[in-house]
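*Asks:* Any chance you could fold what I've pasted below:
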Amino acid sequence: MITMNEEAAVGKVITDIRQAAPGAEIVIVDSSRDRTPDIAASLGARVIRQFPPQGYGRAMDLALRSASGEVVVTMDCDDTYPADRIVPLARMVTEEGWDLVDGSRLQHKPAAMPRINYFANWAFALIASILFGRRLTDLHSGMRAYRRSMIDRLPYRPAGAALPVELLLLPISLGYRVASVFIPYQERIGTSTLQPLDSAKWTLQRMLWVRFRPWLAVRN
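*Replies:* Residues are numbered from 1 along each chain as shown. The predicted structure follows:
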């Protein structure tokens, strides 16, 4: 997980993770000014401070590469994602052979998701489905299971927002085995730090870069 001022939620989220996956290593990359890192450390999480903040993408990159397990499961630290899905997602990698399992929030509109966010997510997923020739439903999900060896080989670009878009589309374009399962999406605890316009800009940029990257490499 990556955190920024999540002191209201971090204790509950870590407790839920401990109950759902008792043996899991919990890694948090934190850029908070509040008590989030202290609470997380007191509950046994491994806290890596990234301060001053370097942006969502670089924080996510550090979190992915700092985990030691064969499977890395990501989720947000605002209580929006269900901890009881951690083990099922991880087992799809270890037992069923998937390289990445995306926890899609968008089987239908979640009550906890603002309508404008839902339609933006739906539209981006539709565009990506057309560009990549397969049905995609949620490019921005924060809950996924990644095979660690795949992460180590992916040539993704950590700088900037909307990194989950690239972390989903790049494995698809490179021929990795990618699955998607629907998960519930819950009301968040705390205030969202999402910057919609910046996220939209980076989403489009990442989609186009992944889709046309081979062509650009040939042209250059």
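*Asks:* From here on, just use CA atoms for contacts and neighbour counts.
*Replies:* Noted.
*Asks:* right, and residue 64 touches residue 72 too?
*Replies:* Yes: Residue 64 lies in contact with residue 72 (Cα atoms under 8 Å); the separation is 6.9 Å.
*Asks:* Comparing those two, which residue is more hemmed in?
*Replies:* residue 72 (27 against 23; other Cα atoms under 10 Å).
*Asks:* Give the closest residue to that one in space, chain neighbours not counted.
*Replies:* Leaving aside its sequence neighbours, residue 72 sits nearest to residue 146 (Cα to Cα, 6 or more residues apart in numbering; 5.1 Å).
*Asks:* That neighbour contacts residue 94, correct?
*Replies:* No: under the criterion of Cα under 8 Å, residue 146 is not in contact with residue 94, lying 10.1 Å apart.
*Asks:* Next, show the common contact partners of the two.
*Replies:* residue 71 (Cα atoms under 8 Å, 6 or more residues apart in numbering).
*Asks:* Compare these two (neighbour count), which wins?
*Replies:* The neighbour comparison of residue 146 against residue 94 (other Cα under 10 Å) goes to residue 146, with 26 against 13.
*Asks:* So which helix or strand of the chain has the lowest pLDDT on average?
*Replies:* The weakest-scoring helix or strand in the chain, judged by mean pLDDT, DSSP states H and E, is helix 196-219 (a mean of 80).
*Asks:* after the helix or strand hosting the residue nearest to residue 72 comes which helix or strand?
*Replies:* If you go by DSSP states H and E, residue 146 is part of strand 144-147. Later in the chain than strand 144-147, the nearest helix or strand by DSSP H and E is helix 148-153.
*Asks:* In this structure, where is pLDDT below threshold?
*Replies:* Applying pLDDT under 70 to the chain flags residues 192-194, 214-220.
*Asks:* For it, which segments count as helices?
*Replies:* For the chain, the helices defined by DSSP state H cover 10-20, 36-42, 56-66, 86-94, 115-132, 148-153, 163-173, 196-219.
*Asks:* Now do the second one: distance to the chain's middle.
*Replies:* Per Cα atoms, centre = their mean, to the nearest Å, the displacement of helix 36-42 from the mean C-alpha position of its chain is 21 Å.
*Asks:* which parts of it are buried?
*Replies:* By neighbour count with 16 or more other Cα atoms under 10 Å, helix 36-42 contains the buried residues 36-37, 39-41.
*Asks:* Nearest residue to the middle of the chain?
*Replies:* With distances taken as Cα atoms, centre = their mean, residue 142 lies nearest the centre of the chain, 3.0 Å away.
*Asks:* In this structure it contacts residue 77, no?
*Replies:* No: using Cα under 8 Å, residue 142 makes no contact with residue 77, being 9.6 Å away.
*Asks:* Please enumerate residues in contact with the strand holding residue 146?
*Replies:* 70-75, 86, 89-90, 93, 98-103.
*Asks:* if you set the cut-off to 6 Å instead, what comes out?
*Replies:* 71-74, 89-90, 99-103 (Cα atoms under 6 Å, 6 or more residues apart in numbering).
*Asks:* Let's have these in CSV, adding distance to residue 198.
*Replies:* Listed next are those as CSV, based on distance: Cα to Cα, whole Å:
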residue, distance to residue 198
71, 30
72, 27
73, 25
74, 22
89, 30
90, 31
99, 29
100, 26
101, 26
102, 23
103, 23
